[in-house]
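Visitor: Sequence first, then the predicted structure, then my questions.
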Amino acid sequence: MQQAGRMNSRASGAKAGKGNGKSGKASDKAAKKAELSPQEQALKQREAAEARKAFLGFAMPIAFVSGLLGLIMFFAAGPKLAVALPGAILSLSLSYRYPRQALWFFFLYMPFSGTVTYWLAGGNALFQLAKDAFYFPALLAIWLGTKRDKADFWKPNKLMPWMWLLVVFSIMTLLFVNLPREFLPTCNESTKLLGKACKEGKPFAQGLLGAKVYLGYIPLVFCMQRLIKGQKEFLFFTRSHLTLAIACCGLCLMQYLMLKTGRCAGTDHLSGDDLFKATLSAKCLVGGSLVFSPSQGMIRLPGTFVAPWQWGWFLIANAYITTATAFSDPKALWRLLGMLGMGFVFICAVISGQRVALALVPVSVILLVVLTGQLKSPKRFIPIAVGVGALFVAGTTLYADIIAERIASFQSRWEASPATDMIAHQIDFVWPLIKDAPLGNGLGGSINSTRMFGPTVLIETWFPRVAYETGLIGLIIFLLFVSAISIFTFKAYRSLKEKNLRSFAACFWVFIVFISYQTYYYPLDVDPVAVYYWSMIGVVFRLPAIEKQMREALLAPEAEGGEVEPEPSRFAPVRIAPKRGPGPAPPPPPMRSPQRKPGTERYS
């Protein structure tokens, strides 16, 4: 009877735990806390207090000095620099001292950098580089930390020859093309009439900024292998990016509704060419310049970014991230949120007016489902397919006119100027400029963000742009580098056995291959694809080590004589009690009287 009562109480406790997730989580936390001894709890509290004290001791003097400099700059140079200078000093200092937290903040801040630039900083170009104040100090601190710990920062070693070949050739272009132009006379009417070589702007500064854009985020491959220590950090990486995608898409929907209802003016009230030009004066709620002229069938929304086409590539990248989470996350709640994110990304691809996003988002999802083997898991594929299908039907019903208009716009644009013709035209344009320039025409010569240092050439496709700046040899070296990346990440992905990690790696690998070889536009030159591409490469390289950690966690209890059974919906192992056969419970062990020393009495 007592045993039956215990079984009933366990069953009722299990039902209560299933019915109340929050109480279950709270009880888990309480159980974990109870496992610690009072001395261990006191030690943890002491460590937390010391960490807070160290943070305040480091941050407060820097904040005081920064505030003092900001006050001086307010009277000397105006309010913008009064905010920018103290913010830069504080960001650089804290990012160097706390590099891991700085990298996480870098990822969280990046999708909103355009909104901060145009809504809080008044369009100041320096704020477009503000995110790098978190990235570069963190990169330096992580690299110096690995040197101090005598660890290997540049992993995997087999990738290094290809990377250094690209870096060395780019430095040669900078030193032998950009730098000599710095000593040429400044261009004027006489030099132009005589046809003499001259410089416009600052070619070497333009080359330095171009090198930062071209090569600056490659170290993310190695930083991510330090940032993602285990499965906890990996899941935080995927789930935080899913949350960002849902939040940014929600803001884009609000932006569209405000323009649609007249809360924001848009550009439909303008005339002539202004109806078709993106302008900052029409910005609405978030992001930068936009076009909203529905009477002309012209809509280009920027979402939370600076320009509409950046937002389009953000949607394409998040088609991979949301799909990966929807199919691969070990928790059902996050798989459901991943499915919601997929629906949001598709809706925003329709209403934003970005033809490239409208074409590539559904194609990317279909490719992921087929190439990553999701069709082999009907129990997981069918619910997601039904949910996404329901969202698709609801979206096409609510926005049937918009979808038809967007598809018609895409078809008319393709018929008027096919992408293949544009790529061929760009190659024809670039070839005469590089056939006699083995090192190219200089770094930064075709990047929009370097226009502050001199004129640039408009080249809208990626491979012709790389060839223009670094020459045909530079393009071949870049293709060798990304080919090595594609091969090595494929081997890392195929080495995985754990199904959730393998599914994540498959989705990331498809994204890596797609960005490596696509030449339509130049997403690797700007946010967010440049950041997502290099960081996902590092994550894929890290996943085999994470799987090894999981395997060791499973095997460790077995070495102690226990049994471990992995729960199918979680990464972490679960320890279970040894099984026993049917029959009555064994009797409790007999109580032993405490041993007494000879000559002592039983009672005192």
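Guide: The structure has been received and is ready for your questions.
Visitor: quick one: the residue nearest the centre of the chain from residue 245, how far?
Guide: Taking CA atoms, centre = their mean, the centroid of the chain lies closest to residue 532, which sits 4.2 Å from it. Separation of residue 532 from residue 245 (CB to CB, to the nearest Å): 11 Å. Quick note: C-beta positions are derived from backbone N, CA and C, even for glycine.
Visitor: so what sits against both of these two?
Guide: Counting by CB atoms under 8 Å, 6 or more residues apart in numbering, the common neighbours of residue 532 and residue 245 are residue 321.
Visitor: just checking, the residue nearest to the centre of the chain touches residue 315?
Guide: No: the criterion here is CB atoms under 8 Å, and residue 532 misses it with residue 315 at 11.9 Å.
Visitor: What helix or strand is residue 299 located in?
Guide: According to DSSP states H and E, residue 299 maps onto strand 298-300.
Visitor: Pull up the pairing partners for that strand, direction included.
Guide: With DSSP bridges as the test, strand 298-300 is paired with strand 291-293 (antiparallel).
Visitor: following the strand holding residue 299, which helix or strand comes up?
Guide: Strand 298-300 is succeeded, C-terminally, by helix 308-328 (DSSP H and E).
Visitor: What does the pLDDT read for the residue nearest to residue 306 when sequence neighbours are not counted?
Guide: Excluding the flanking residues, the one nearest residue 306 by CB to CB, 6 or more residues apart in numbering is residue 114, at 3.9 Å. Per-residue confidence (pLDDT) for residue 114: 86.
Visitor: list the helices and strands the helix or strand containing residue 114 packs on?
Guide: Element membership of residue 114 [criterion: DSSP H and E] is helix 113-115. Counting contacts by 3 or more CB pairs under 8 Å, 6 or more residues apart in numbering; DSSP states H and E, helix 113-115 packs against no other helix or strand.
Visitor: where exactly do the helices run in the stretch 451-600 of the chain?
Guide: Counting by DSSP state H, counting those that start in this stretch, the segments of the stretch 451-600 of the chain that form helices are 462-494, 499-517, 529-559.
Visitor: Quick check: which of those helices is nearest to residue 77?
Guide: helix 529-559 (31.1 Å; CB to CB).
Visitor: so that closest one versus helix 308-328, what angle?
Guide: Angle, helix 529-559 to helix 308-328, by axes from the mean of the first three to the mean of the last three CA atoms, to 10 degrees: 20 degrees.
Visitor: quick one on the thing from earlier: what sits up against the helix holding residue 114?
Guide: Helix 113-115 has contacts (CB under 8 Å, 6+ apart) with 127-128, 130-131, 286-288, 302, 304-307, 310, 527.
Visitor: Now, of those residues, which are buried?
Guide: In these, burial by neighbour count holds for 127-128, 130-131, 286-288, 302, 304-307, 310, 527, counting by 16 or more other CB atoms under 10 Å.
Visitor: export these to TSV and tack on pLDDT and distance to residue 383?
Guide: What follows is these, written out as TSV (pLDDT from 0 to 100; distance: CB to CB, whole Å):
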residue	pLDDT	distance to residue 383
127	73	43
128	73	42
130	80	42
131	85	37
286	92	33
287	90	34
288	89	38
302	93	34
304	92	30
305	92	32
306	88	38
307	87	37
310	90	33
527	83	34
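Visitor: Just give me the closest of those to residue 82.
Guide: Within the buried ones among the contacts of helix 113-115, the smallest distance to residue 82 is 13.7 Å, found for residue 127 (CB to CB).
Visitor: Name all residues that make contact with the closest residue in space to residue 475 that isn't next to it in sequence.
Guide: Distance criterion CB to CB, 6+ apart; nearest residue to residue 475, sequence neighbours excluded, is residue 467 at 4.3 Å. Neighbouring residues of residue 467 by CB under 8 Å, 6+ apart: 430, 434, 440, 474, 475.
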